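> Have a look at this fold, sequence not included:
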């Protein structure tokens, strides 16, 4: 398992190019090579209607509960299966109410993100970076994810 029990966490930025590409800028977890095999956009097309593109395009959280059952996940289904990914949660990263990217968290199992866990991730430092300390003492895997991610970000900016 990757950080906090999740298989993959990554951040993608929305490019302002013709294809509306989502460019991975950070990744962590055992399934990180998955990103080298897929293309994602934030446009209103097949590559943009998955959880990542939807979160960026709409500025709202997007949950893919079961990659096998989600019709919008078709372009990535076989690749996700090879990397043992079953569900994901995509959180838009916004500035002035405009999404410029998203944070995606993937789990091996379908329906991995229950209501409480989703709420914790939604109300996390993804939308309020100064809140990372609040999650450091928690015991949920999302709390461990934010604590570890916050430590990595803090270390990066202290250099």
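Cool, got the structure. Since the model is a prediction, treat every value here as computed from it, not as a measurement.
> Show me what counts as buried in whatever helix or strand residue 105 lives in.
According to DSSP states H and E, residue 105 maps onto strand 98-107. Buried residues in strand 98-107, counted by 16 or more other Cβ atoms under 10 Å: 99, 101-107. Where you see a C-beta, it was placed from the backbone N, CA and C, and this is true even at glycine.
> Check stretch 14-23 too.
Quick answer for stretch 14-23 (16+ other Cβ under 10 Å): 14, 20-22.
> For it, measure first residue to last.
6 Å (Cα to Cα, to the nearest Å).
> How far off centre is that stretch?
The gap between where stretch 14-23 is centred and where its chain is centred comes out at 17 Å by Cα atoms, centre = their mean, to the nearest Å.
> what's the answer for stretch 21-36, then?
Counting by Cα atoms, centre = their mean, stretch 21-36 is centred 10 Å from the centre of its parent chain.
> Give me the residues contacting it.
Stretch 21-36 is contacted by residues 1-3, 6-15, 39-42, 52-53, 56, 79-80, 83-85, 101-102, 106, 149, 152 when judged by Cβ atoms under 8 Å, 6 or more residues apart in numbering.
> and if we set it to 7 Å?
With contacts defined as Cβ atoms under 7 Å, 6 or more residues apart in numbering, stretch 21-36 is touched by 1-3, 6-15, 40-42, 52-53, 56, 79-80, 83-85, 106.
> Which parts of that stretch count as buried, going by neighbours?
21-22, 24, 27-29, 31-32, 34-35.
> what would those residues look like in TSV with pLDDT?
Listed next are these as TSV, based on pLDDT from 0 to 100:
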residue	pLDDT
21	98
22	98
24	97
27	96
28	94
29	94
31	96
32	96
34	98
35	97
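> So which of those are in strands?
Judged by DSSP state E, the buried residues of stretch 21-36 include 22, 24, 27-28 as members of strands.
> Out of these, which is nearest to residue 73?
residue 22 (14.8 Å; Cβ to Cβ).
> hey, what's the closest one bridged with?
In this entry, residue 22 is beta-bridged to residue 14, by DSSP bridges.
> picking that back up, nearest to residue 90, of the buried residues of stretch 21-36?
residue 22 (10.1 Å).
> do you know how far that closest one is from residue 112?
Separation of residue 22 from residue 112 (Cβ to Cβ, to the nearest Å) stands at 22 Å.
> Having no further points to raise, I will conclude here.
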